[in-house]
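[1] Structure, please.
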Amino acid sequence: MIGVVFAAAPLFLAATGLVVLGERNGCPSPNAVSARLSQLLPDEAGGAPDALVVDGEPGALRVRLLSAQGSLREQKTLDLTGSCDELADAVATVAVAWRSRLQQDDVPPPVLSARARPVEAAAPAPRAQSRPDLELTLGVQTISGSERWVPGLVLGIQAPIGHGFSFAFALNVPAPRSAQDQTLKTWRWMELGAVMGPSYRGLTENLLVDASVGLGMGVNVTTSESLAAPDSYALAPPAVVAGMRWTYRHSSALPWLGLTFSARLAAPSDSPIENAQITSDAWLLALALGGTFTFDIR
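    The predicted structure follows:
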């Protein structure tokens, strides 16, 4: 198994006696870690190199030091967030500490350069790129249903629970629609909707990817009549709502693109206005664009 990994993505450092292994496009990259090790470790000549393996998942890097024969010498999991350069600094610092401890008799303790940082002091990335206490999203959307199309606004709130999961809530406010009854009278109405449920976040080099599923509830409001009239309102059937949101993480505005699909769990209810088609669609597909505001409560 170790031989296969060595063949997949090796970067040899003959001067430091280490070979750095990891995903070529991962964060941190083997090239970035190797560049920092070349500044921190003294030159070594001869002998088969040890291997420094970096893998894991966002926010939890696993770093292992393997001997030339493939046996595990050291292992550590770093619960860190930050830029790729900062993570490379942290991994290189851990490797330097291991090499110094394992080769005290042969190698003098390394002198860290002014730009190297201890693992504990690695500066975190902006909180918006990891998990702030609260995220507020605001966007415009276009909603297409089985019978109608309408633009609208969407307001969302997301709070982390742990292990990548969050609680998400979204409020949809579409523009008013129109309907006519048999007397050709025009009624204007809108369907206000709310969705709540769990969300899971994944990270890539450039994006925050949120996948969510939840329960949607709503009410149809006839705005062309007095809102005090009891027949101006009708509850919409509940719906199952699934969505994805892609957020560009390298902008302070955190712009995002979202796609949502909802399907009713029951047949649309009767119209609150007799002989006028003021009812919910059986399904809805929404495409939205917006930005994110982040808040740290602690």
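
[2] Let's check: the centremost residue of this protein is which one?
    L208 (3.1 Å; Cα atoms, centre = their mean).

[3] Now that one. Nearest residue, chain neighbours left out?
    The spatially closest residue to L208, leaving aside those adjacent along the chain, is T247, at 4.1 Å (Cβ to Cβ, 6 or more residues apart in numbering). The way it works is simple: take the backbone N, C-alpha and C, and place the C-beta from them, glycine included.

[4] again with G152
    P174 (3.5 Å).

[5] need the contact list for the one you found.
    143, 150-153, 190-192 (Cβ atoms under 8 Å, 6 or more residues apart in numbering).

[6] From D231, how far out is it?
    Plainly put, P174 is 21 Å away from D231 if you go by Cβ to Cβ, to the nearest Å.

[7] could you say which helix or strand contains the residue lying closest to V240 once chain neighbours are set aside?
    Nearest residue to V240, sequence neighbours excluded (Cβ to Cβ, 6+ apart): A263, at 5.6 Å. According to DSSP states H and E, A263 maps onto strand 256-264.

[8] Domain-wise, how is this structure divided?
    2-121, 127-295 (automatic domain parsing).

[9] The closest residue to W283 other than its chain neighbours: neighbouring residues, count only.
    Leaving aside its sequence neighbours, W283 sits nearest to A263 (Cβ to Cβ, 6+ apart; 4.9 Å). Neighbour count for A263, taken as other Cβ atoms under 10 Å: 13.

[10] Show the contacting residues for V33.
    20, 22, 52, 54, 88, 91-92, 95.

[11] where does it fall, phi/psi-wise?
    In terms of degrees, to the nearest 10, the main-chain angles of V33 are phi -70, psi -40.

[12] Need the pLDDT of it.
    At V33, the pLDDT value in this model is 82.

[13] mind showing which ranges of this structure have poor pLDDT?
    1-17, 23-25, 42-48, 56-59, 103-131, 298 (pLDDT under 70).

[14] What segments of it are strands?
    10-13, 18-21, 50-57, 60-66, 72-78, 134-145, 149-162, 165-174, 177-180, 186-203, 207-222, 233-248, 256-264, 283-295 (DSSP state E).

[15] hang on, F293 packs against P132?
    No: counting by Cβ atoms under 8 Å, F293 does not reach P132; the two are 9.4 Å apart.

[16] Compare neighbour counts for these two and give me the winner.
    Counting neighbours by other Cβ under 10 Å for F293 and for P132 shows that P132 has the greater number, 20 against 13.

[17] Quick check: the spatially closest residue to the more buried one that is not a sequence neighbour vs N220, distance?
    Counting by Cβ to Cβ, 6+ apart, P132 lies nearest to T294, which is 4.0 Å off, once chain neighbours are set aside. Going from T294 to N220 by Cβ to Cβ gives 34 Å.

[18] and the two? which has more neighbours close in?
    Taking other Cβ under 10 Å, T294 and N220 do not tie; N220 has more neighbours (23 against 18).

[19] circling back: ranking the contacts of P174 by neighbours, who comes first?
    Counting by other Cβ under 10 Å, top hit in the contacts of P174: E191 with 25 neighbours.

[20] That one and T279 touch, don't they?
    No: counting by Cβ under 8 Å, T279 is not a contact partner of E191; they are 9.1 Å apart.

[21] Show me the common contact partners of these two, please.
    Residues touching both E191 and T279 (Cβ under 8 Å, 6+ apart) are N220.

[22] As a quick check, tell me the outermost residue of the chain.
    T183 (51.5 Å).
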